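Q: the following comprises the amino acid sequence and a computationally predicted model.
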Amino acid sequence: MRHFASFYSDPGIPATDRLIVVAASHHRLAWIHPFGDGNGRVARLQSQAAMVRCGLDSDGLWTLSRGLARAKPAYFQHLQAADQQRANDFDGRGNLSDAALSRFCRFFLRWMPTSPSSSPTCPWMGSNNPKKEIRDLEI
């Protein structure tokens, strides 16, 4: 757990990568969390806290949990798919597939709380349209 915390909270992570780190850490925390029930709630709470630290809060009007609840079957499907073992030597450096994690991150980033009725400025990306920027993001 110490390795997880130090890896995903490294101050050297560029501001432009912080949202991807939130998405990747969400899956990895759910994967290593040792309980049979509650892993998703803990991971969503941790992700919400990380987004608040990144400045993406939307003043309580929109939360990650609310967004993911709108796509619950797809969320569980993407979360489970990211548990795949790596396909070959070019698919990451551990037991899990980097390609599957990338697909999960793209799905996850679509549900970031950028407020469905407005488009606040996204300070770490320098964009006035963060939903478009997230949609166009290459991982």
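A: In hand now; what should we look at?

Q: in this structure, which residue is most central in space?
A: For the chain, residue 23 is the residue whose C-alpha lies nearest the centre (C-alpha atoms, centre = their mean; 1.4 Å).

Q: can you tell me the element that residue falls in?
A: helix 18-32 (DSSP states H and E).

Q: what are the buried residues along that helix?
A: Within helix 18-32, the residues scored as buried using 16 or more other C-beta atoms under 10 Å are 18-30. Backbone N, C-alpha and C define where each C-beta goes, glycine included.

Q: for that helix, packing partners?
A: helix 2-8, helix 39-53, helix 98-109 (3 or more C-beta pairs under 8 Å, 6 or more residues apart in numbering; DSSP states H and E).

Q: count the neighbours of residue 99 for me.
A: A count of nearby residues for residue 99, using other C-beta atoms under 10 Å, gives 18.

Q: sorry, slip of the keys, the one I care about is residue 111.
A: Neighbours of residue 111 (other C-beta under 10 Å): 21.

Q: for residue 109, same thing?
A: 20.

Q: show me what contacts the closest residue to residue 98 other than its chain neighbours?
A: By the measure of C-beta to C-beta, 6 or more residues apart in numbering, the closest residue to residue 98 outside its immediate chain neighbours is residue 92, 3.4 Å from it. Contacts for residue 92 (C-beta atoms under 8 Å, 6 or more residues apart in numbering) come out as 86, 98, 99, 101.

Q: now do the contacts for the last one.
A: Same thing as residue 101. Residue 101 makes contact with 24, 27, 82, 92 under the criterion C-beta under 8 Å, 6+ apart.

Q: format the buried residues of helix 18-32 as CSV; extra columns: pLDDT and distance to residue 63.
A: Shown next, in CSV, are these (pLDDT from 0 to 100; distance: C-beta to C-beta, whole Å):
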residue, pLDDT, distance to residue 63
18, 83, 18
19, 85, 15
20, 89, 19
21, 89, 19
22, 89, 13
23, 89, 15
24, 90, 19
25, 90, 17
26, 89, 13
27, 89, 18
28, 87, 21
29, 87, 17
30, 85, 17
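
Q: now those residues in CSV, with distance to residue 65?
A: Below are the buried residues of helix 18-32 laid out as CSV (distance: C-beta to C-beta, whole Å):
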residue, distance to residue 65
18, 19
19, 17
20, 20
21, 19
22, 14
23, 14
24, 18
25, 16
26, 11
27, 15
28, 18
29, 14
30, 13
